[in-house]
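> mind folding the following:
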Amino acid sequence: MEAVVKADAYGHGAVPVARALVAAGVRSLSVATFDEGVELRQAGLSVPILILFPIPPELVPDALRLCLSVTAGDQTLLDRTLAVLDGLTDADAPANRVLPIHLEVETGLGRGGLHSTAVPAAAAAIEASPRARLAGLWSHLQAAGDLERTAAQTARLGVAASLLDEVGVTTPDRHLAASGGLLAASAPGFDVVRIGLALYGIVPDGLTVAEGHAAVAAGLRPILSLRARPVRVTELAAGTGVSYGPTFVTSRDSRIATLPLGYADGLPRSLSNRAQVLVRGRRVPAVGTVAMDAVMVDVTDVAGPPVTVDDEFTLIGKQGNETIDAIEVARWGNTISYEIVTAMSGRLPRVYYAAAKAVEMRVVACDLGGRGGEIGGAGAVVGEEERGPLGCE
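Have a look, this model is predicted:
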């Protein structure tokens, strides 16, 4: 298994998540960009790391120095990459250090990769370079739940592998299935399976899970909760506009709580007047336009003593007997759960739990490793629900 920790580990925090995964036995990671790979290396992660999108050729010496694996999906960029490698001296990098290159194959996604017929020449060029090694052959599914389309993509990857065999090139590790392909049982696992969204306890939106994998899918539990305490709770008279526009006007005397996070933190503006949040274990509506730094919630009907700034609100996660997950939030915002979690900005504090204990906190100003505790304002809580090893479903 290769754990996908791109996009800041799908918004969960790449370095803490990667550390926990490696500690749990994960042997390789993949990211989307060069900078993401550098971040993991600078944090001390030493396992193999694959960059899934081609990098600029001028960054190749750094990739070699940091032992990062790269992707090639365009012949021109591959040629430039190999030219840079072949121009390096022993002073630039140890003579025995080679750059692992994974060839992406265009099997039907229409986004990247070499056509099958171009793969043998690309592989030969890699093998001719003393600084390069053909390490992988891969593609990505367009619609993992579409069995016919996925079968066609699998066949095209098979053609590329067969063409390598015909020219005497040993087929490297093949990888095609990600979370969707695994849960839908639509694609073979080959040598490596890239697990992304499911790693964080979320089933890909709209996926039809294979009957034999239903129990696995049902057992996935999101490891992230998004919680906040209000910065103001006040009474507003009937006829008062709330937030910009206003797109919401109180129809009665209302008690409105202001939560200190907004679209700059990853809550889409499209959630305006659509979202719900949890307080005291019950659902309450978000009202007015979602602002850059704030979202307002109508707590007028919450039973018991009036809601105050000491009450905790849950935007994603469980509270009492109620749960709001990223998929539900995505539906309100007419998007997908991937976008909801990956859009969470770096300024949201993240508190990491393991074995019922806060073990790390990440904020913008600095890395407060080991300093768990209460979050002021708003923040993402990772691993709290499980009270066990972080991210290890």
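
> state the distance from Ala128 to Pro61.
19 Å (CB to CB, to the nearest Å). Any C-beta I mention is one placed from the backbone N, CA and C, and that applies to glycine too.

> who's more crowded, these two?
Pro61 (17 against 10; other CB atoms under 10 Å).

> what's the more buried one in contact with, if anything?
84, 88, 92-93 (CB atoms under 8 Å, 6 or more residues apart in numbering).

> going by distance to Ile223, which of the residues you listed wins?
Distance to Ile223 across those (CB to CB) is lowest for Ala93, with 37.9 Å.

> what about the closest residue to the closest one other than its chain neighbours, helix or strand, and which?
Computed as CB to CB, 6 or more residues apart in numbering, the closest residue to Ala93 that is not its neighbour in sequence is Leu64, at 5.1 Å. Using DSSP states H and E, Leu64 sits in helix 60-65.

> flag every buried residue along that helix.
Neighbour-count burial for helix 60-65, counted by 16 or more other CB atoms under 10 Å, picks out 60-61, 63-64.

> repeat for stretch 298-310
298-300, 302, 307.

> now the end-to-end length of it.
16 Å (CA to CA, to the nearest Å).

> how about stretch 251-269?
22 Å.

> what's the distance between that stretch and the middle of its chain?
25 Å (CA atoms, centre = their mean, to the nearest Å).

> pLDDT of that stretch, averaged?
Averaging pLDDT along stretch 251-269 yields 98.

> what of stretch 201-208?
Here the average pLDDT along stretch 201-208 is 96.

> now it: how far from the chain's centre is it?
The answer for stretch 201-208 is 14 Å, by CA atoms, centre = their mean.

> mind listing what's buried along that stretch?
Buried residues in stretch 201-208, counted by 16+ other CB under 10 Å: 201-205, 207.

> circling back: mind checking the pLDDT average for the helix holding Leu64?
Rounded mean pLDDT across helix 60-65 is 96.

> next one: stretch 106-119
Mean predicted confidence for stretch 106-119 is 97.

> buried sites along that stretch?
Buried, per 16+ other CB under 10 Å, within stretch 106-119: 106-108, 112-114, 116, 118-119.

> now the residues you listed as a markdown table including secondary structure and distance to Ser251?
Listed next are those as a markdown table, based on DSSP: H, G, I helix; E, B strand; the rest coil; distance: CB to CB, whole Å:
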| residue | secondary structure | distance to Ser251 |
| --- | --- | --- |
| Glu106 | coil | 55 |
| Thr107 | coil | 55 |
| Gly108 | coil | 52 |
| Gly112 | coil | 52 |
| Gly113 | coil | 55 |
| Leu114 | strand | 60 |
| Ser116 | helix | 62 |
| Ala118 | helix | 64 |
| Val119 | helix | 64 |
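
> hmm, back to that, now do the following helix or strand past the helix holding Leu64: distance to the chain's middle.
Moving toward the C-terminus from helix 60-65, the next helix or strand (DSSP H and E) is strand 68-72. The chain centroid and the centroid of strand 68-72 are separated by 19 Å under CA atoms, centre = their mean.

> next one: stretch 214-230
The chain centre lies 14 Å from the centre of stretch 214-230; the measure is CA atoms, centre = their mean.

> quick one: end-to-end distance for it.
Termini of stretch 214-230 sit 39 Å apart (CA to CA).

> circling back to that earlier point, how about the buried residues of stretch 201-208 in JSON lines, adding secondary structure?
Putting these into JSON lines (DSSP: H, G, I helix; E, B strand; the rest coil) gives the following:
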{"residue": "Gly201", "secondary structure": "coil"}
{"residue": "Ile202", "secondary structure": "coil"}
{"residue": "Val203", "secondary structure": "coil"}
{"residue": "Pro204", "secondary structure": "coil"}
{"residue": "Asp205", "secondary structure": "coil"}
{"residue": "Leu207", "secondary structure": "coil"}
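
> and the contacts of Pro61, which of them are buried?
Here, 16+ other CB under 10 Å leaves 84, 88, 93 buried among the contacts of Pro61.

> of these, the lowest pLDDT goes to which?
Ala93 (85).

> show me where the stretch 1-150 of the chain has helices.
Along the stretch 1-150 of the chain, the segments classed as helices by DSSP state H, counting those that start in this stretch run 6-10, 14-23, 34-42, 60-65, 75-86, 119-128, 147-166.
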